[in-house]
Each structure stands twice: as structure tokens, then as C-alpha cells.
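**Student:** Below is the sequence, then the predicted model.
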Amino acid sequence: MFDRSRTDNARQFKTTVVEMTLNDGRALSGKLLYHSNGSLFDALNGSESFLDFEPFDGQRELVAKSEHSEPVWQSR
């Protein structure tokens with residue numbers, strides 16, 4: 001009568017370590033979070049106006065895509 005299988009409706013995210021430079025000259029290093037069913041390319045080129053970014057030394061924040069003066073580089 002009831003489905004007892006566990007269903008997790010929480011959004012799942014992937015993270016990628018990146019470095020990016022903003023228009024104001026700030027260089028950011030940290031993790032870029034994006035949906036687990038997409039790719040980094042999808043996150044950077046998708047229709048969303050903001051990127052979900054977590055700097056190594058601070059709190060998670062949204063960064064406007066229009067603020068990027070240089071490409072986002074994936075760190076190795």
C-alpha cells in the first residue's frame with residue numbers, strides 16, 4: 001500500500017575546484033557547485049545568471065556570471 005523505499009528529494013551537487021578572476025580584479029579560488037545531472041560546461045554556459053561558489057576561506061556565495069573578466073579554470 002505504501003512505498004517504503006527511501007526517496008531522497010534533496011538536490012544533489014557536484015563540486016569542482018576552480019580559479020576565476022572577476023571584473024574588479026579579485027581572484028577567487030574555491031569550489032564551484034553545480035547539479036549532479038549536469039557538467040561544468042553546462043553550469044558555465046547555462047541560462048542561470050549566477051554561479052554557486054564556495055571559497056576556500058569563506059562562506060558559500062552566488063557570483064554573477066557577468067562579473068567574470070577571465071575564463072574559469074579548473075584546478076588540478
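**Tutor:** The structure has been received and is ready for your questions.
**Student:** Now do the SS call for Phe41.
**Tutor:** Here Phe41 takes the helix state, with states given by DSSP: H, G, I helix; E, B strand; the rest coil.
**Student:** what about it, how many residues close to it?
**Tutor:** 9 (other CB atoms under 10 Å). Bear in mind the C-beta positions are built from the backbone N, C-alpha and C, glycine included.
**Student:** Asn23 now?
**Tutor:** The burial count for Asn23: 11, using other CB under 10 Å.
**Student:** separation between it and Ala43?
**Tutor:** To Ala43, Asn23 is 19 Å away according to CB to CB, to the nearest Å.
**Student:** got it, and Leu33?
**Tutor:** Counting by CB to CB, the gap from Leu33 to Ala43 is 8 Å.
**Student:** Gln59 too?
**Tutor:** Using CB to CB, Gln59 is found at 20 Å from Ala43.
**Student:** With neighbour numbers in mind, choose between those two.
**Tutor:** The neighbour count for Gln59 versus Ala43, taken as other CB under 10 Å, is higher for Ala43 (19 against 6).
**Student:** Please, which helix or strand holds the residue nearest to the more buried one when sequence neighbours are not counted?
**Tutor:** Counting by CB to CB, 6 or more residues apart in numbering, Ala43 lies nearest to Tyr34, which is 3.6 Å off, once chain neighbours are set aside. Taking DSSP states H and E as the definition, Tyr34 sits inside strand 27-35.
**Student:** so what strands line up beside that strand?
**Tutor:** Applying DSSP bridges, strand 27-35 is found paired with strand 13-21 (antiparallel), strand 50-55 (antiparallel).
**Student:** which other residues reach that strand?
**Tutor:** Contact with strand 27-35 is made by 11-22, 40, 42-43, 51-56, 58, 60, 63, 72, 75, as judged by CB atoms under 8 Å, 6 or more residues apart in numbering.
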